[in-house]
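In: for reference, the sequence and a predicted model appear below.
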Amino acid sequence: MKRDDLKKIEGLTSEQIDAIMKLHGTDTSEWNQKLEEQKKEIQKRDDTINELTEKVKTYDGVDVAKLQSDLSEWEDKYNKDMAAKDKDFAKQMYFSTIQFNSNLAKKAAMEAFDEKNLEFKDGKFIGADEFIEDLKKSDPQAFKSTDPDPKPKGKGAPMGGRAPGSDDLDGVEERFYELNPGLKK
């Protein structure tokens, strides 16, 4: 490249041209190659700036603060929903380990459990075991016996702890007779 060729390049001062000629003499091909690479990089930056400018224009009029607020609300809702699901799953798992005499007894126990609103921490309910133990004491017939060899109750009673002809009624029989008053006990 010659001095005249360098003068055609926009932005080069005569001092820069002199420095280039002094450094490279009349062979400026290496310098030209670097200059072309720099032009390409500058064009890439210009294209990126234009592209980003166009993207920014698409958000013109968008309330960023509102978007951030909405995002925060959705995140809070998601976290609460997931915590509720985790808590419900933990309750289901906890109650799956307890043997009840009926599904109704289990449902009633779970409702009473919910009413207690026990603290849920690290995947466990604080006080759950105590709640179940209290329930077993207050309503033992709701639970299956954990005694491996239950003994009949009463005077030689063959079944359910009642001797034939006994006037002692269990809760189910009492309720049956309440609902059917015409039948004899």
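Out: Structure received. Residues are numbered from 1 along each chain as shown.
In: which helix or which strand is home to the most centrally placed residue in the chain?
Out: By CA atoms, centre = their mean, the mean C-alpha position of the chain lies nearest to Met82, the distance being 3.8 Å. In this assignment (DSSP states H and E), Met82 forms part of helix 64-96.
In: so which other helices or strands are in contact with that helix?
Out: Where contact means 3 or more CB pairs under 8 Å, 6 or more residues apart in numbering; DSSP states H and E, helix 64-96 is packed against helix 103-116, strand 120-121, strand 124-125. C-beta coordinates here come from the backbone N, C-alpha and C atoms, glycine included.
In: ranking those by burial, who's on top?
Out: Using mean count of other CB atoms under 10 Å, the stretch among the helices and strands packed on helix 64-96 with the greatest mean number of neighbours is strand 124-125 (a mean of 16).
In: which other helices and strands contact that one?
Out: In terms of contacts (3+ CB pairs under 8 Å, 6+ apart), strand 124-125 is packed against helix 64-96.
In: Throw the helices and strands packed on helix 64-96 into CSV and include mean pLDDT and distance to Tyr177, thanks.
Out: As requested, the helices and strands packed on helix 64-96 are exported to CSV (pLDDT from 0 to 100; distance: least, CB to CB, whole Å):
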stretch, mean pLDDT, distance to Tyr177
helix 103-116, 93, 19
strand 120-121, 90, 42
strand 124-125, 91, 39
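In: of all the ones you listed, which one is nearest Leu6?
Out: For those, the distance to Leu6 is smallest for strand 120-121, at 75.9 Å, taking CB to CB.
In: what number of residues lie near Phe143?
Out: Applying other CB atoms under 10 Å, we find 17 residues neighbouring Phe143.
In: distance check, the spatially closest residue to it that is not a sequence neighbour against Phe100.
Out: Of all residues beyond its chain neighbours, the one nearest Phe143 is Lys136 (5.5 Å), with distances taken as CB to CB, 6 or more residues apart in numbering. When distances are taken as CB to CB, to the nearest Å, Lys136 and Phe100 turn out to be 11 Å apart.
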